[in-house]
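Chemist: Predicted model and sequence below, questions to follow.
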Amino acid sequence: MFEGSVAGLHRWPVKSLRGEEVRAARFDGRGMAGDRAHALVDGREKRRGKVLTVRQNPPMLTWGAEYGADVIDPPKPPMLRAPDGRSWSWDEPGLVDALTGSFGMPVELRAADGQQDRGPTVLVTFEASLAALAAELGKPVELHRFRPNIHLTTDAPAFAEEDWTTGTTLDVGEVSLEVTGDHAGPCIRCAVPSWEPSGRERWPELQTHLIDRHANKFGVIMRVTRAGVVAVGDTADARPA
C-alpha cells in the first residue's frame, strides 16, 4: 500500500481549453463534477458536429474556462476567458463569434455531462513521477500539460502507476477510485502534452521521450466506485492489485 495526500485538484470545464485549480470537488458517476462537461464543436461543413481538440486547433489553449475555485459541484455553465483577458459567459451573445474569430473557423457550443475523452473517468497523476520525468529530460515539466484531475504526493516510487492493473484501488478523501479495465488504467498520452499549457509553443521531444522511456504513459485513469468530496490536503491510500 502507498500513502500520501492530495497536492492539487484540477478541473477542465471545456474540453481542450485551459482549466482551473480548485480547493475541493465532488466526484461521482460523472467523474469529477463539471469536468469537460462542455465542448466546442467544429462548424465547418465537412466536419460539422465533431468535437474540437487541441490536436486540430492548438489556439484553443489560449482560452480558459472556470466555474470558480470554491465551487464543488458546478450548478451552471462556466465562464470563458479570452486571450485578451475578457470574460464571456457560456450563453453570452457574441461568444461564438469571438471563438470563431480566434480560431479562424466556425465554432459551435455543446453542453452535456460526460464529454471526457474516455467517458466518466478521473485522471490521477503523481508528484514523484513528474519530478522524475523532469530529471530525465533535464528541464521542468509543467503539470498542466497532462490535464489531471487529482495530483498526489505519495510514498510510491516514481512511475509505479505505469504498472497499475485492474483491481487497483485508491481511497482519497471521501472517495474511492478503481482501475476497472473499462477504459481505465495507465494513461496513454496523445500529442497534447507536447504543447505548452498556454498553446504558444510545442515541445515534441516530450512525447518522444514518453514513447521511448515510458511506453507513452503518464498518470492513471480510474473510475469512481464511492462518490463524495475530495479536498486539497486529504489523505490518499493506494492499493495496487
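Modeler: Done, it's in.
Chemist: give me the low-pLDDT residue ranges for the chain?
Modeler: By pLDDT under 70, the weakly predicted segments of the chain are 113-118.
Chemist: Most remote residue from the middle of this protein, which is it?
Modeler: Going by C-alpha atoms, centre = their mean, the residue of the chain most distant from its centre is Glu45, 29.1 Å out.
Chemist: Can you give me the distance of it to Arg30?
Modeler: Applying C-beta to C-beta, to the nearest Å, the value for Glu45 to Arg30 is 32 Å. Where you see a C-beta, it was placed from the backbone N, CA and C, and this is true even at glycine.
Chemist: Quick check: chain neighbours aside, which residue is closest to the residue sitting nearest the centre point of the chain?
Modeler: In the chain, the centroid-proximal residue (C-alpha atoms, centre = their mean) is Arg147; its distance is 3.1 Å. Setting aside the residues directly before and after it, Arg147 is nearest to Trp12 in space (C-beta to C-beta, 6 or more residues apart in numbering), at 5.9 Å.
Chemist: neighbours around the one you found, how many?
Modeler: Close neighbours of Trp12, defined as other C-beta atoms under 10 Å, add up to 27.
Chemist: Let me see the contact set for it.
Modeler: Residues counted as contacts of Trp12 (C-beta atoms under 8 Å, 6 or more residues apart in numbering) are 18-19, 35-36, 65, 147.
Chemist: Distance-wise, check Arg23 relative to Val107.
Modeler: 31 Å.
Chemist: which of these two has more neighbours?
Modeler: For the pair Arg23 and Val107, the greater number of neighbours falls to Val107 (22 against 13), based on other C-beta under 10 Å.
Chemist: wait, the more buried one sits on Ala39?
Modeler: No - in this structure Val107 lies outside contact range of Ala39 using C-beta atoms under 8 Å: 10.3 Å.
Chemist: who touches both of those two?
Modeler: What both Val107 and Ala39 touch, as defined by C-beta under 8 Å, 6+ apart, is the set Leu52.
Chemist: Just to be sure, Thr208 is in a strand?
Modeler: No - going by DSSP: H, G, I helix; E, B strand; the rest coil, the assignment for Thr208 is helix, not a strand.
Chemist: residues contacting the closest residue to Gly4 other than its chain neighbours?
Modeler: Excluding its sequence neighbours, the residue lying closest to Gly4 (C-beta to C-beta, 6+ apart) is Thr154, at 2.9 Å. Going by C-beta under 8 Å, 6+ apart, Thr154 touches 2-5, 126-128, 236, 238.
Chemist: What distance do you get for Ala33 to Pro74?
Modeler: Applying C-beta to C-beta to Ala33 and Pro74 gives a distance of 6 Å.
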